[in-house]
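[1] for reference, the sequence and a predicted model appear below.
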Amino acid sequence: MREWADFTVQEAGGRTTIVLQGPLLVSTIGVIDRKLRDLTEPVQFVDLSNTGEIDTVGAWTVCRFADEHRARITGGSEQALKLIETVRENASTAPIEPERQPTFERMFTDTGEKVVNFGNGVIRFLGFLGEVLAAMGRLILNPRRFRMKSLVRQFELVGVTALPIIGLMSFLIGIVVAQQGAAQLRQFGAEIYTINLTGRLSLRELGVLMTAIMVAGRSGSAFAAQLGTMKLTEEIDAMRTIGVSPTEALVIPRILAAVLMMPLLGFFAAVAAIIGGAFIADLTLGIPFLTFLSRIQEVVPIHDLWVALIKAPVFGLIVALAGCYQGMQVKGDSEQVGLRTTKAVVQAIFMVIVLDAFFAVFFDKVGWA
Amino acid sequence: MSDEDDEILREEVLDEARDDVAAAFDGEFPIEIEGLRNSFGEQVIHEDLSLQVRRGEILGVVGGSGSGKSVLMRSIIGLQIPDGGEVRVFGKNTIGAEPDEQSAVRSRWGVLFQGGALFSTLTVAENIEVPLKQFYPELDEELRHEIARYKVMMSGLPEEAAAKYPSELSGGMKKRAGLARALALDPELLFLDEPTAGLDPIGAAAFDELTRNLQNTLGLTVFLITHDLDTLYAICDRVAVIADKKVIAVGTIPELLKTDHEWIQEYFNGPRSRAARETAGKSVDKPASTKA
């Protein structure tokens, strides 16, 4: 059990003395600190002669109390007096939190800041886009500066290593679409249209869209976190001083990798989804696996493939731009890396879905319904 | 205040207080290491390393880059689990100790990491309050704020620094803030990992002086890892040299100069060392017995 510091109040000849007892340490001061704070009567002396060990917290408690009551400290050991002197010299009343504006004012300040930040963000993003385009131009003029190795590495990271997870995800989505579609179509005896549903939906919409979301989660976040960390560790500054453009060396390979890998991954996802649909159709609908696949060729128009292949690189571009842009915006502390990574993924997915809606209307109007 | 209120308040405090607080240490060696072995995969860092740190001394720990100074500190404070050997802090074996026992020991040491390692989402004062809240939840909030304020001042920061976030501080100020947090619990033992690295000479000298003053005032035992020869000459009572995977010598600098190990000779007789010795003047000849 812990030994707590304590005190008694002694009155003699009209003078009040607080006699402290026990060790005055951070671990023993809890009780008397609160009691002393509640004490309001005038005190003339603080007697330390019965106290044991003392540390700065004990010294502070004594010092604060004595100064508040203008009491004299008596009977302290040399160590106690030294510590009391030290803490007294270091007393301060500075605020310990940054000042906060009143809520009402803060509302307007915050709104204003948000607007200004949004404006600045747009300008910075345009600047970033310009830098990427300029770097592209430089690389086209000087193709030897292009980092093939880095691009191939990104191909691997964005594309090849994503195959298992995207394949599995799409396979399962294909199963769900076919199974749920069949359940509805069965009601008016059109089960055979499950094939149309699965084939067209997978190829035209779900394959690319789900792949873009997965790539945003896997690679977009990785881009932001990698570049952000490199900014914090001053790697990017080091590159600049050596004359290597970080946009050329880091951003372009990532963007190209995402743009080139997305159509391949999207097509792969669509194929996996169709196989998933065929698999479940074989099991539950009585449509043989191969019949399902050969019907796909008849019912899915070829322009569905073009739609997918046109959308995919655009989505890849959005994911990579969001990731790289947010990564390059990191400055200050490690907390920013997390914030920026989250932002990159959220923005990428949001933009992908918005654009997908535009694409849907657009392709419908141009006759690729 | 009536006795009844008194009793209620007491109960309240006792209720909040943790029950694993240890008593002060009065042995001679707060840190004792015997036969320590550390390795990362194939690479052996320490082999049969032994070291004793005396109470109330500032022990400087030197060694070439990669000789395992930081790993040694991490083994003592329990961040690195050694392959073998014994580490006793305040007489208690810290390897494989019960979690309760460990936290009792943890409340009695403070650690300053190289970069300060301040919590970036908290202000300096809030950083200092973290260990206080963790180990002494019974303390009044007001007292905690007051403690944070005077610790900020004691570590030589301007008082406005209390309300600042670590990202708003310079490198030297971060170290001081880290020191303030390390001292939050009035520890008996203080670990400093290269406290003057990255500081300008004036800042480094001021930090040395601060360390010495605090050690004197608070009666600290300091385990100080450093590359800074000025620090060694100015404030260390003894110096431990790590080379060849063990502590090859411990003693005052004049004592070390008498050994004929090649690395020690090169280290203390190099041009930089001679310059530091001249600046430090007579403090080199400080006899080993002047310890607190």
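    That came in fine, so what should we check first?

[2] please count neighbours and contacts with C-alpha atoms only from this point.
    OK.

[3] neighbours of whatever residue of the stretch 151-300 of chain A ends up closest to chain B, how many?
    Residue of the stretch 151-300 of chain A nearest chain B, by C-alpha to the nearest C-alpha: A:L232 (12.2 Å). The local packing of A:L232 (other C-alpha atoms under 10 Å in any protein chain shown) involves 18 other residues.

[4] test my guess that it contacts A:K331.
    Yes: the pair A:L232 and A:K331 passes the contact test of C-alpha atoms under 8 Å, sitting 6.4 Å apart.

[5] and A:T109, what element?
    helix A:103-141 (DSSP states H and E).

[6] quick one: list the elements packing against that helix.
    Contacts defined by 3 or more C-alpha pairs under 8 Å, 6 or more residues apart in numbering or on different chains; DSSP states H and E place helix A:103-141 against helix A:252-280.

[7] elements contacting the helix it packs on?
    With contacts taken as 3+ C-alpha pairs under 8 Å, 6+ apart, helix A:252-280 sits against helix A:103-141, helix A:148-154, helix A:163-185, helix A:194-200, helix A:207-215, helix A:289-299, helix A:302-328.

[8] next, the angle helix A:207-215 makes with that helix.
    Angle of helix A:252-280 versus helix A:207-215, following axes from the mean of the first three to the mean of the last three C-alpha atoms, to 10 degrees, is 120 degrees.

[9] show me where pLDDT drops low in the chain?
    In the absence of a named chain, this looks at chain A. Low-confidence regions of chain A, defined here as pLDDT under 70, cover residues A:1.

[10] um, chain B though
    Scanning chain B for pLDDT under 70 picks out B:1-3, B:19-24, B:99-101, B:281-292.

[11] now it against chain A: closest residue?
    Counting by C-alpha to the nearest C-alpha, chain B gets nearest chain A through B:A163, at 4.3 Å.

[12] tell me which residues touch that residue, please.
    B:A163 sits next to A:94-98, B:123-125 when contact means C-alpha atoms under 8 Å, 6 or more residues apart in numbering or on different chains.

[13] out of the residues you listed, which are inside helices?
    B:124-125 (DSSP state H).

[14] isn't A:G58 right up against A:I29?
    Yes: with contact defined as C-alpha under 8 Å, A:G58 counts as touching A:I29 (6.6 Å).

[15] quick one, domains of chain A?
    Domain assignment of chain A by automatic domain parsing yields the ranges A:6-89, A:147-365.

[16] work out the gap between the longest one and the centre of the chain.
    Domain A:147-365 has its average C-alpha position 20 Å from the chain's average C-alpha position, going by C-alpha atoms, centre = their mean, to the nearest Å.

[17] do the same with the shortest one
    Domain A:6-89 sits 50 Å away from the centroid of its parent chain (C-alpha atoms, centre = their mean).

[18] quick revisit: redo the helices and strands packed on helix A:252-280 as JSON lines? Include mean neighbour count.
    Below are those laid out as JSON lines (neighbours: other C-alpha atoms under 10 Å in any protein chain shown):
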{"stretch": "helix A:103-141", "mean neighbour count": "13"}
{"stretch": "helix A:148-154", "mean neighbour count": "16"}
{"stretch": "helix A:163-185", "mean neighbour count": "19"}
{"stretch": "helix A:194-200", "mean neighbour count": "25"}
{"stretch": "helix A:207-215", "mean neighbour count": "26"}
{"stretch": "helix A:289-299", "mean neighbour count": "15"}
{"stretch": "helix A:302-328", "mean neighbour count": "24"}
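
[19] of these, give the one that comes closest to B:I235.
    helix A:302-328 (43.8 Å; C-alpha to C-alpha).

[20] by contact count, what packs against the closest one?
    Helices and strands touching helix A:302-328, by 3+ C-alpha pairs under 8 Å, 6+ apart, are helix A:207-215, helix A:221-232, helix A:252-280, helix A:334-365.

[21] quick one, which of those helices gets closest to A:H69.
    When these are compared by C-alpha to C-alpha, helix A:334-365 sits nearest A:H69, at 45.6 Å.

[22] what packs against that closest one?
    Going by 3+ C-alpha pairs under 8 Å, 6+ apart, helix A:334-365 lies up against helix A:207-215, helix A:221-232, helix A:302-328.

[23] try it again at 6 Å.
    Helix A:334-365 sits against helix A:221-232, helix A:302-328, with contacts defined as 3 or more C-alpha pairs under 6 Å, 6 or more residues apart in numbering or on different chains; DSSP states H and E.

[24] and A:Q187, how many neighbours?
    Residues lying near A:Q187 (other C-alpha under 10 Å) number 9.

[25] for chain B, what lies in contact range of chain A?
    B:10, B:125, B:138-139, B:149-150, B:153-154, B:159, B:162-163 (C-alpha under 6 Å from any C-alpha of the partner chain).

[26] what's the farthest-apart pair in those?
    Distance extremes for these: the farthest pair is B:R10 and B:E159 at 33.3 Å, using C-alpha to C-alpha.

[27] more neighbours: which of the two?
    B:E159 (21 against 17).

[28] what's the first-to-last distance across stretch A:186-204?
    23 Å (C-alpha to C-alpha, to the nearest Å).

[29] would you say A:S49 is within a helix?
    No: per DSSP: H, G, I helix; E, B strand; the rest coil, A:S49 lies outside any helix segment and is strand.
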